[in-house]
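> The following comprises the amino acid sequence and a computationally predicted model.
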Amino acid sequence: MIETADPILASLNADETIAFYTEKLGFTLVANWDGYLIFSKDKIQIHLWPCSDIEIPKATGCFLHVTEVDQLYAQYEPLGLVHPNGKLAVKPWRMKQFSVLDNNGNIIHFGEALK
């Protein structure tokens, strides 16, 4: 039975990505193998591979299932991290969610299932 999945996104600059994920999003850097980065927060990990093509992160992203999405939004929104088209909203697929673009251009959706 599948229990978890770890998204793998593109990183254009390891140092800038480490700063963004740790200082802005509050993740912990777990590993850095020649620019292949692994971050953790709560029960998930996000991996980022070194990439030099600036177009790739513009076409990739992930969806993180969260609890207390309102609190997370309140934490990220004042920092200017929320995508202008990704404000907190209830979606037709019964998720309350918002979106962040990371420093590379990857989109990260944070969503909480509605009961």
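Here it is on my side, so go on.

> show me where this protein has helices.
Taking DSSP state H as the test, the helices found in the chain are 14-19, 69-76.

> Flag the shaky bits of the chain, pLDDT-wise.
Scanning the chain for pLDDT under 70 picks out nothing.

> returning to what we had before: how about the helices of the chain, which one is nearest residue 32?
helix 14-19 (6.5 Å; CB to CB). Where you see a C-beta, it was placed from the backbone N, CA and C, and this is true even at glycine.

> Check the offset of that closest one from the chain's centre.
Taking CA atoms, centre = their mean, to the nearest Å, one finds the center of helix 14-19 at 14 Å from the center of the full chain.

> Can you point out the buried residues in that helix?
Buried residues in helix 14-19, defined by neighbour count with 16 or more other CB atoms under 10 Å: 17-18.

> The protein: strands as residue ranges?
Ranges of strands in the chain, per DSSP state E, are 8-11, 28-33, 36-41, 44-50, 61-65, 89-91, 95-101, 107-113.

> The ones you listed: which one's closest to residue 22?
For residue 22, the closest of the strands of the chain is strand 28-33, at 5.8 Å, according to CB to CB.

> Tell me how far the nearest residue to residue 32 once chain neighbours are set aside lies from residue 34.
For residue 32, ignoring the flanking residues on the chain, the nearest one in space by CB to CB, 6 or more residues apart in numbering is residue 14 at 6.5 Å. Here residue 14 is placed at a distance of 9 Å from residue 34 (CB to CB, to the nearest Å).
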